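>>> my questions concern the predicted model and sequence given below.
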Amino acid sequence: MASVADMPGAATLSAMKIILPLALVSILSPPASLQAMQQDSHIRRDDLVVMGYVTAREYEALDEFGMSSIMTADLKISKVLRGRAPGGTLTIRYVAHMDLPENSELRFHLRRSSAGAWLVCKQGRGQGYICK
């Protein structure tokens, strides 16, 4: 009596048992660009994502040692990546241990607070306001 392995097409059948689950996984898992969009899904429709240069103005200590502060600064926008900036320079607020470098172009995710200030949202494990 012939075994299943000896039957015509048996190799194709066993290969399909392996390939079919792999094909389903690749179809059902989102592409890298979609995954990147999902990571940025906390960006709201009215948020801004911009590139620009910061000039610090004032500090407000959050602890008795002054290790973390709320910084107020002017942001000169060099490029708008998402949203519509109301002007070329914005007053922003961010949480940090020290000033942002003034001579470097940086990327900012900004959200307008209920008081009208532009807050720098935390990105990754960095510092900033938690914008969810």
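Structure's in. What do you need? What you see is a predicted model; the values in this text were computed from it and never measured.

>>> going by C-alpha atoms from here, please, whenever you check contacts or count neighbours.
OK.

>>> what's the first helix or strand after the worst-scoring helix or strand of the chain on mean pLDDT?
In the chain, no helix or strand scores lower on mean pLDDT, DSSP states H and E than helix 32-39, which sits at a mean of 42. Downstream of helix 32-39, the first helix or strand assigned by DSSP states H and E is strand 48-61.

>>> buried set for that following strand?
Within strand 48-61, the residues that count as buried by 16 or more other C-alpha atoms under 10 Å are Leu48, Val49, Val50, Met51, Gly52, Tyr53, Val54, Thr55, Ala56, Tyr59.

>>> residues in contact with the third one?
If I follow you right, that is Val50. Val50 is in contact with Ile77, Ser78, Lys79, Val80, Leu81, Arg82, Arg107, Phe108, His109, Leu110, counting by C-alpha atoms under 8 Å, 6 or more residues apart in numbering.

>>> equivalent analysis for the last one, please.
Applying C-alpha under 8 Å, 6+ apart, we find Tyr59 in contact with Ser69, Ile70, Met71, Thr72.

>>> just give the nearest non-adjacent residue to Gln123, would you?
Leaving aside its sequence neighbours, Gln123 sits nearest to His109 (C-alpha to C-alpha, 6 or more residues apart in numbering; 7.9 Å).
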